[in-house]
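Visitor: Okay, predicted coordinates and the sequence, questions at the end:
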Amino acid sequence: DVKVTQSSRYLVKRTGEKVFLECVQDMDHENMFWYRQDPGLGLRLIYFSYDVKMKEKGDIPEGYSVSREKKERFSLILESASTNQTSMYLCASSLSELAKNIQYFGAGTRLSVL
Amino acid sequence: AQSVTQLDSQVPVFEEAPVELRCNYSSSVSVYLFWYVQYPNQGLQLLLKYLSGSTLVKGINGFEAEFNKSQTSFHLRKPSVHISDTAEYFCAVSPYGAGSYQLTFGKGTKLSVIP
């Protein structure tokens, strides 16, 4: 089975802190994704990566950056956390460039910024 | 660009009753279609997908969906729901073709099964 692991289930941070959310997949997938999930808004894509050191902006990249130094790991960075970044963050991975391949999701990180 | 509309944000249904969760999409190109389920405090998992071929697609846990190209719909159905089906369900689309990495999700439908 594909496993996508997010390092924390819950995080509480203060406004202005630098926050790292980590995601690791164990199936040698080329593509990795970071989504934000908010009630009534569904899932919105923040960034994705189709290869090591490659990244593309999604629909809502403002206030976020990403890092992919190794194929299995994709990090989401909040340079200076703000209260409007309080949300559930979901990481996903998929096998190839063809979108018909399934995206596999981690369990999510619920971030609260106080 | 693609968009997905899930017509109902919440659907309550009694146990063992049938249910239909509605999904309509908009796209200028052909698409792949997906339904994902999210159980409380978990990530999303794939229920079923339509890539091509038969318009009736069967998925896990007794769910099925029918692709209707003329109505641009991909409604999810189950003939008899169980308490364990209580979850949030997301419809998603992606365009055909190379370079199509992304899924566009609907806003979700919360299914509540009442004992």
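Guide: Received, thanks. Everything quoted here is computed from the prediction, not taken from an experiment.

Visitor: use CA for all of it now, contacts and neighbours both
Guide: Will do.

Visitor: On the three-state scheme, residue B:52 is what?
Guide: When states are read from DSSP: H, G, I helix; E, B strand; the rest coil, the local structure at residue B:52 comes out as coil.

Visitor: quick one, strands of chain B?
Guide: B:3-6, B:10-14, B:19-21, B:23-26, B:31-38, B:44-50, B:56-58, B:64-68, B:73-78, B:87-95, B:104-105, B:109-114 (DSSP state E).

Visitor: hmm, the longest one touching chain A?
Guide: When you say that, I think you mean strand B:87-95. Yes - with CA under 8 Å from any CA of the partner chain as the measure, strand B:87-95 is seen reaching chain A through B:90, B:94-95.

Visitor: which other helices and strands contact that strand?
Guide: Taking 3 or more CA pairs under 8 Å, 6 or more residues apart in numbering or on different chains; DSSP states H and E as contact, the helices and strands that strand B:87-95 lies on are strand B:3-6, strand B:31-38, strand B:104-105, strand B:109-114.

Visitor: Could you find the closest non-adjacent residue to residue B:60?
Guide: Leaving out its chain neighbours, the residue that sits closest to residue B:60 by CA to CA, 6 or more residues apart in numbering or on different chains is residue B:47, at 5.6 Å.

Visitor: Hmm, that neighbour is touching residue B:37, no?
Guide: Yes - A contact is recorded between residue B:47 and residue B:37 when judged using CA atoms under 8 Å, the distance being 6.3 Å.

Visitor: Point out the residues in chain B that sit beside chain A.
Guide: For chain B, the contact set with chain A under CA under 8 Å from any CA comprises B:9, B:32, B:41-46, B:51, B:90, B:94-108.

Visitor: Please check those residues and keep the buried ones.
Guide: B:32, B:42-46, B:51, B:90, B:94-96, B:101-108 (16 or more other CA atoms under 10 Å in any protein chain shown).

Visitor: Spell out for me which residue occupies the centre of chain B.
Guide: Ranked by distance to the mean C-alpha position of chain B (CA atoms, centre = their mean), the top residue is residue B:35 at 3.3 Å.

Visitor: ok, what's across the strand from residue A:42?
Guide: residue A:38 (DSSP bridges).

Visitor: wait, doesn't it sit right on residue B:106?
Guide: Yes - assessed by CA under 8 Å, residue A:42 is found in contact with residue B:106 at 6.0 Å.

Visitor: Perfect, I'm done here.
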